[in-house]
Each structure stands twice: as C-alpha cells, then as structure tokens.
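Undergrad: What would the 3D arrangement of this be:
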Amino acid sequence: MGSNYLTEPLIFLVGTAFYLYILAIMLRFLLQSVRADFYNPISQFLVRATAPALNPLRRLIPSLRGIDLAAVVLMLALQILAVYLIFLIYYGQQPPAVGLLVESIGRLIGLLLNLYTILILIGVIVSWVNPTASHPGLNLLYQLIDPILRPLRNLLPNMGGLDLSPLFALILLHLVRMLVVYPMRGALPLPM
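TA: Have a look, this model is predicted:
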C-alpha cells in the first residue's frame, strides 16, 4: 500500500491504542508480580481497565507459580495483532509469521525496558526534588523499582549516602535493549 496521506495517522492511532492498553496490562502484571498495594487507586484503575479482556482469559489459562500467564498471553496476542495491523496498513499484505512473532516479542521486551527506564528516572528525580514526598503513585513506583535496585544496592559498595544503583540499573537496561531488543525489532520493516 505504501505511504499516503492517511497511512501514517492511521498507523499512529492503531499503534498508540494498542500500546496504551498493553502498557496497562503490563503494569497490572508487574504490580501483581511485586505484590503491590491492591487497594491503591492506580492499582484499582488498572484492574478495572484490564478486567474485561483479562478475566475471561484467566478462566482458560491458569497462573503458574504466581505468574499470571493469562496477562502474558494477552500482551503477546495484542502486540502480534498491533504489528500485524500496522504491517497490513503500510504494505497491504500479511507479514511473515516468524517475523511477526519475533518483532512482537521484541516490542514487548522493549516496552518493559522503556517502562522501567522511565520509572527509575522518575524515582531519581523525586528523590532529588522531594525525597519525603508521599503519593499513591510514588508508593507503587517504589514497589516496582525496588526489586531491580535492591540487588544492585547489595552488590555496590557504600558510597556514603550516594545511591548509584539507579545509574547501574539504567546501564544494564540499555545493555539488554542493545543485545536483545534491537536485533529483534528489525525482524519486520515497520514505519514505527
């Protein structure tokens, strides 16, 4: 099909709609994984927003050792559908199955890494600006990033009150992005 006046805006709308819903499912999955506060207003919003798609799937796909496999399957299915639609809109044909799967997994891993990068940066900025801030969103943020930063804090020597764990976490996240996501994201030639 190629590029015309409406192709790029349509791809943008499809990509954004899927991206936001996959992000909501991913946040719910991560909050469940770290056993974050279920009664937090943000948690409640995510539960309500994702329940219509996730609850029926949970009846078919059980959890495995505390991992919500239904959420993982739903994220992957939605990402595959998004990449499929974007490829179809842009090229006017179906993408190859292997490329579709590899690209979709790469995009999901990339979204996870981007999410953690943003969360860690927000945590660093908040610790500089107002370290005693109290907000329901900040409580969830710290519950999400603590499992990543805690092992690094244990490995790093005491720097006299200077916490370098966020810096090392960001370096590791970018390294994973370079080694895993970038090669996978080239599986299909997509405009975005």
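Undergrad: host element of the residue located most distally from the centre of the chain?
TA: Centroid-distance maximum for the chain: Gly160 at 33.2 Å, with CA atoms, centre = their mean. Assignment of secondary structure by DSSP states H and E places Gly160 within no helix or strand.
Undergrad: List phi and psi for it.
TA: With angles defined as degrees, to the nearest 10, Gly160 sits at phi 70, psi 40.
Undergrad: Can you tell me how far the residue most central in space within the chain is from Glu8?
TA: In the chain, the C-alpha nearest the mean C-alpha coordinate belongs to Leu112, at 3.1 Å (CA atoms, centre = their mean). Per CB to CB, to the nearest Å, Leu112 is found 26 Å from Glu8. C-beta coordinates here come from the backbone N, C-alpha and C atoms, glycine included.
Undergrad: One more: Ile89?
TA: 10 Å.
Undergrad: neighbour-wise, which of the two wins?
TA: Between Ile89 and Glu8, Ile89 has the larger neighbour count (other CB atoms under 10 Å), namely 17 against 14.
Undergrad: Return the distance of stretch 82-98 from the chain's centre.
TA: When C-alpha coordinates are averaged (CA atoms, centre = their mean, to the nearest Å), stretch 82-98 and its chain have centres 22 Å apart.
Undergrad: from memory Thr117 sits against Leu167, does it?
TA: No: with contact defined as CB atoms under 8 Å, Thr117 does not count as touching Leu167 (11.9 Å).
Undergrad: Just give me the longest helix of this structure.
TA: helix 97-129 (DSSP state H).
Undergrad: Which positions in that helix come out as buried?
TA: Across helix 97-129, burial judged by 16 or more other CB atoms under 10 Å covers 99-113, 115-116, 119-120, 123-124, 126.
Undergrad: and the next element down the chain from that helix?
TA: Taking DSSP H and E, what comes next after helix 97-129 is helix 136-155.
Undergrad: Quick one: residues in contact with that following helix.
TA: Applying CB atoms under 8 Å, 6 or more residues apart in numbering, the external contacts of helix 136-155 come out as 30-31, 34, 36-37, 40-43, 116, 119-120, 122-123, 126, 163, 165-166, 168-169.
Undergrad: Buried ones in it, by neighbour count?
TA: Within helix 136-155, judged by 16+ other CB under 10 Å, the buried ones are Leu140, Leu141, Tyr142, Gln143, Leu144, Ile145, Ile148, Leu149, Leu152.
Undergrad: nearest to Arg177, of those?
TA: Ile148 (14.3 Å; CB to CB).
Undergrad: Could you check how far that closest one is from Ala97?
TA: For Ile148 relative to Ala97 (CB to CB), the value is 33 Å.
Undergrad: and Ile109, what does it touch?
TA: Neighbour list for Ile109: Val176, Val180, Val181, Met184 [criterion: CB under 8 Å, 6+ apart].
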